[in-house]
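Student: mind looking at a prediction? Sequence and model below.
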Amino acid sequence: MRRRCIAVLGGSFDPVHNGHVALGTYFSRLLTVDELRIIPAGNPWQKEGLHVLPDARLAMVNAAFADYPFPVKIDSQELLRAGATYTVDTLQALRQELGVAASLSLLIGADQLLRLQTWHGWREIFDYAHLCVASRPGFAINAGQLSIEVEEFFLERLGTVSQLRQQPHGRSFLANDLSIEVSATEIRMLLLSGQRPSKLVPPRVLDYIEQHNLYKRR
């Protein structure tokens with residue numbers, strides 16, 4: 001029996017940009033996913049504060065993935081959760097929903113891996129999902145950029161695409177041929193200065209931002 005394969009892409013999406021879409025697309029194709037689950041962050045404890053309301057971020061995510069070539073589900077569970085939101089709690093909830101057999105892969109960029117040791121319950125992530133990391137060409141796990149603890153943990157669990165699909169959780173994977181050089185901070189600064197970052201943001205998202213006058217001086 002074929003194991004169901006779900007990729008999970010979370011983030012503040014403040015705003016959602018082409019880097020988010022590229023990350024989801026890369027692993028959706030690589031893993032031939034049955035579903036890409038998009039989860040906007042509710043109250044991410046490591047962020048000082050989000051710049052637009054949850055409904056706007058949810059709308060932008062829906063706009064960005066409206067014509068996606070893989071099945072997509074926009075999951076608002078973190079937006080409905082009171083208090084700080086932690087990735088490990090979300091993965092635990094997904095595992096309860098999807099069952100023990102489904103392959104679950106959490107998608108992150110190399111910048112997030114570099115500070116993984118600061119995440120609440122980061123080791124427990126592997127109890128619920130695989131950890132798939134996209135990095136620019138030339139990035140190496142053992143180049144001294146990671147904490148020793150994260151480096152050892154990651155290298156011990158390195159898996160293949162086949163293992164990611166055949167096992168429900170517990171593996172790590174590094175894709176070092178995806179260059180994502182897009183910053184939400186940069187996009188907000190461009191919008192604030194009156195510029196139109198059309199090369200950084202999906203057209204429908206940019207239309208929504210402009211129609212609702214987001215990221216402007218109040």
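Tutor: Ah, there it is.

Student: low-confidence stretches in the chain?
Tutor: Along the chain, the model assigns pLDDT under 70 to residues 1, 44-49, 137-138, 143, 218.

Student: which helices and strands does the lengthiest helix in the chain pack with?
Tutor: Longest helix in the chain by number of residues (criterion: DSSP state H): helix 18-31. Contacts defined by 3 or more Cβ pairs under 8 Å, 6 or more residues apart in numbering; DSSP states H and E place helix 18-31 against strand 5-11, strand 35-40, strand 103-109, strand 130-134, helix 161-166, strand 172-175. (C-beta placed from N, C-alpha, C; glycine too.)

Student: using CSV, write down the CA coordinates of that helix.
Tutor: Only the C-alpha atoms of helix 18-31 are listed here, as CSV (Å, rounded to 0.1, in the frame of the first residue of the first chain):
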residue,chain,number,x,y,z
ASN,A,18,8.3,33.9,-4.4
GLY,A,19,10.8,32.2,-2.1
HIS,A,20,8.0,30.5,-0.2
VAL,A,21,6.4,29.4,-3.4
ALA,A,22,9.7,28.1,-4.8
LEU,A,23,10.4,26.2,-1.6
GLY,A,24,7.0,24.5,-1.6
THR,A,25,7.2,23.8,-5.4
TYR,A,26,10.7,22.2,-5.2
PHE,A,27,9.8,19.7,-2.5
SER,A,28,6.3,19.0,-3.9
ARG,A,29,8.0,17.9,-7.1
LEU,A,30,10.9,16.1,-5.4
LEU,A,31,8.6,14.1,-3.1
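
Student: the inter-axis angle of it versus strand 35-40?
Tutor: Per axes from the mean of the first three to the mean of the last three Cα atoms, to 10 degrees, the angle that helix 18-31 makes with strand 35-40 is 150 degrees.

Student: neighbouring contacts of helix 18-31?
Tutor: If you take Cβ atoms under 8 Å, 6 or more residues apart in numbering as the criterion, helix 18-31 is touched by 5, 7, 9, 11, 13, 33, 36, 38, 64-65, 68-70, 103, 105, 107, 109, 132, 134, 161, 164-165, 175, 178, 180-182, 199-202.
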